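> Sequence first, predicted model second:
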Amino acid sequence: MSTQADASQADAFAHALAGAGGGAMSMALTYPLVAVTTKMQTLGSDETPETVEKQGLVATIKDVYKKHGVVGFFAGLESAVIGMAFSSFVYYYCYEASSRCIMKYTGKQRLNTAESMLVGTIAGSVNAAATNPLWVANTRMTVDKTERNTLRTILDIAHKDGPATLFNGLKPALVLVINPIIQYTVFEQLKNTILEKSHSRTLSPSWAFLSGALGKLIATGSTYPYVTMKARMHLKGKQKAHSDKPTAPTSLVSLMMETVKKNGVSELYRGIGLKLVQSVLTAAFLFFFKEGLVLWSIKALKTLSQLNRRRRLLNKV
């Protein structure tokens with residue numbers, strides 16, 4: 001069997017395993033950009049307009065370095081890598097499993113645009129609900145530069161602010177399911193076009209990199225205000241517990257309106273330039289590594305299966 005055939009016939013678990021590895025590596029490579037972007041997105045959540053206006057990209061970078069040194073750009077790296085790996089695993093597994101069900105039902109080899117959007121909605125919704133606590137912990141760890149690990153941070157949030165706090169930002173996260181829907185729909189349609197033109201069954205890592213970058217550029221550019229609001233909602237429980245100020249808005253719409261009233265519409269796009277660079281690079285590397293790791297995942301799963309069969313035979317003997 002050819003290498004291309006092996007890659008094209010990879011099951012949902014192999015794709016999920018490759019996605020987890022690709023997600024972890026892409027996040028590790030681009031994390032300093034993630035850390036600075038998160039700082040900028042959450043900066044205006046409780047400051048005065050005057051303070052916010054003075055804190056741009058360069059000022060934020062200098063502030064992080066002054067307070068924490070180089071390690072400040074890697075605050076929350078552990079939770080981000082774990083979150084990205086788990087998120088990618090869940091998303092790819094649901095995406096591939098749903099895709100196979102639809103293709104089996106319709107008898108087609110590839111998804112059309114509407115089917116890609118349906119599959120993306122299913123996978124994105126499951127992923128958002130399953131991984132939200134990890135991203136709440138990551139936002140806290142990035143902003144506070146805590147030395148606690150991911151599990152300890154999650155347990156502390158649940159103990160101090162209540163378990164429901166771990167799902168702060170879930171509503172905007174569900175709204176943001178449109179982000180991966182746009183991203184993966186663009187990617188799938190570009191992939192189909194490239195495969196048809198090249199008469200190939202497998203997308204090369206280099207084409208995956210470019211297609212993933214374009215898909216993420218379109219998706220992030222169109223949904224950025226929700227990305228900012230989600231990051232700020234991750235800090236809600238913390239701000240309530242450590243502030244004597246009036247309770248902050250609790251819904252996505254009210255938080256967005258309060259933000260615009262306080263600092264203007266431009267506040268919804270704080271850090272968008274850096275976020276676009278970070279998101280595009282992270283997505284591009286994720287697709288690059290993921291496509292390259294599919295064959296490795298297939299081989300690893302086959303090896304594990306063979307070892308398991310041998311163990312069973314030895315036990316019988």
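Happy to help now that I have it.
> Now name the helix or strand holding the residue most central in space within the chain.
Note on the chain: the residue nearest the mean C-alpha position is residue 84, at 5.6 Å, using CA atoms, centre = their mean. Following DSSP states H and E, the helix or strand that holds residue 84 is helix 77-106.
> Which positions in stretch 140-159 come out as buried?
For stretch 140-159, the neighbour count (16 or more other CB atoms under 10 Å) marks 140, 141, 142, 143, 145, 146, 148, 150, 153, 154, 157 as buried. Backbone N, C-alpha and C define where each C-beta goes, glycine included.
> one step back: surely the residue nearest to the centre of the chain meets residue 22?
No. At 9.2 Å, residue 84 does not count as touching residue 22 under the criterion of CB atoms under 8 Å.
> now the helices for the chain?
Secondary structure of the chain (DSSP state H): helices at 3-8, 12-42, 49-54, 57-68, 77-106, 113-144, 150-161, 170-175, 178-198, 205-233, 236-241, 252-263, 272-316.
> which one of the ones you listed has the lowest average pLDDT?
Here the helices of the chain differ in mean pLDDT, and the lowest is helix 49-54 at a mean of 44.
> Would you agree residue 110 is in contact with residue 189?
No. The pair residue 110 and residue 189 does not pass the contact test of CB under 8 Å, sitting 9.6 Å apart.
> Show me which of these two is the more surrounded one.
Neighbour totals were compared for residue 110 and residue 189, and residue 189 leads with 17 against 14 (other CB atoms under 10 Å).
> Is it correct that the more buried one is in contact with residue 113?
Yes. If you go by CB under 8 Å, residue 189 and residue 113 touch, sitting 6.3 Å apart.
> What is the neighbour count of the closest residue to residue 92 other than its chain neighbours?
Among residues not flanking residue 92 along the chain, residue 19 sits closest, at 3.5 Å (CB to CB, 6 or more residues apart in numbering). Look at residue 19: counted by other CB under 10 Å, it has 29 neighbours.
> Over to residue 138?
Around residue 138 there are 28 residues (other CB under 10 Å).
> what's near enough to touch it?
The contact partners of residue 138, taken as CB atoms under 8 Å, 6 or more residues apart in numbering, are 76, 79, 80, 83, 150.
> Thank you kindly, that will do.
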